[in-house]
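Enquirer: no sequence for this one, just the structure:
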DNA sequence: ACGTATAGTTTGTTGTACGAATCAATCTAG
DNA sequence: CTAGATTGATTCGTACAACAAACTATACGT
């Protein structure tokens, strides 16, 4: 992932950055007794119930993998399946109260940790970082 | 991971970015019949043999987890353990010829995919992205 | 109504990751 | 120089993650 002497290549910097974010995410998850995947799922549900199909797409997970993940999150009482009224095959995954609590806490913590790291950057640098990464993300969205 | 309506927050952009890099990494790995973890290990060994201790630290993995990962990579003939001459407890993990081939190919592919995405950015934007992410990585290194 | 497509689950397998216990080599006091 | 602590790595048991293929049930088009 690092390796192969990339001093200031774009890819190198981005890969290191991804690794870093990943680590933060893992640590935060662990602090809340969640796996990174479970925390990620919770965060994805913060804005409201989502169907399995959409989850599968945004998480890049096979439907079968997702079933298990949701099973475990449900077994812990953090979310629940509710049958979709329009389509009786489909279901929506919604956070429980406990799930909302945990999701918000995790989300908040991740943000805090990232912001803490960035605290030493000048606000100009922060702006640049935001705009350039956002621009990059934008490119990817159209793929 | 996304969720919670962060329009242009720093953390939000970085998390999305990490997710994106992660996805690229997964796809490339899969194309070479590797898991992301295995590919990451291979890339880490490109610059030469590394000991278990250092690997464990840079990968953020418990020693016991690493043992299994190296086992599987070794079973596929991509790397080999060699006892350290100075410390007979320790061992160095070195790529085999086949491992070198695969590692380089994977590494190259990841870079290519990232660069392809960034190709549409103006060179000024690329420069900004590089310098700002590198600066951020630099901050984290001192943690 | 029939066939096809879609949404999710089940099943079986491989890989990932941890912690606790273990083992051997090394280091360090005394 | 040896007893005890430390360090580097493996083993074992367990839980989770991820996939593919096969399957169930609902929805939809003609």
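Expert: On my side now, so go ahead. Being a predicted model, the structure only gives us computed values, none of them experimental.

Enquirer: okay, the residue nearest to residue A:35 when sequence neighbours are not counted: pLDDT?
Expert: Distance criterion CB to CB, 6 or more residues apart in numbering or on different chains; nearest residue to residue A:35, sequence neighbours excluded, is residue A:29 at 6.1 Å. Glycine gets a C-beta too; all of them are placed from N, C-alpha and C. At residue A:29, the predicted lDDT confidence score is 98.

Enquirer: ok, now the one 5 residues further on?
Expert: Reading off the per-residue confidence, residue A:34 sits at a pLDDT of 98.

Enquirer: also residue A:4?
Expert: So residue A:4 comes in at 45 (pLDDT).

Enquirer: quickly check: the helix or strand encompassing residue A:136 near chain B or not.
Expert: Taking DSSP states H and E as the criterion, residue A:136 maps to helix A:123-141. Yes: using CB under 8 Å from any CB of the partner chain, helix A:123-141 reaches chain B at A:125-126, A:128-137, A:139-140.

Enquirer: so the residue nearest to residue A:35: helix, strand or coil?
Expert: helix (DSSP: H, G, I helix; E, B strand; the rest coil).

Enquirer: coming back round to it: what's the helix holding residue A:136 packed up against?
Expert: The contact analysis (3 or more CB pairs under 8 Å, 6 or more residues apart in numbering or on different chains; DSSP states H and E) places helix A:123-141 against helix B:10-31, helix B:97-118, helix B:123-141.

Enquirer: which parts of the helix or strand hosting residue A:71 are buried?
Expert: Per DSSP H and E, residue A:71 falls inside helix A:63-75. Buried residues in helix A:63-75, defined by neighbour count with 16 or more other CB atoms under 10 Å in any protein chain shown: A:66, A:69-70, A:72-73.

Enquirer: one more: stretch A:95-109?
Expert: A:95, A:99-100, A:102-104, A:106-107, A:109.

Enquirer: residue A:93 - how many residues pack around it?
Expert: Counted with other CB atoms under 10 Å in any protein chain shown, the neighbours of residue A:93 add up to 23.

Enquirer: quick check: it is in a strand.
Expert: Yes: the assignment for residue A:93 (three-state DSSP) places it in a strand.

Enquirer: spit out the contact partners of it.
Expert: Residues near residue A:93 by CB atoms under 8 Å, 6 or more residues apart in numbering or on different chains: A:45, A:49-52, A:55, A:70, A:79-81.

Enquirer: for PyMOL, what selects the buried ones among the residues you listed?
Expert: With 16+ other CB under 10 Å as the criterion, this PyMOL line picks the buried residues out of these:
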select buried, chain A and resi 45+50+52+55+70+79+80
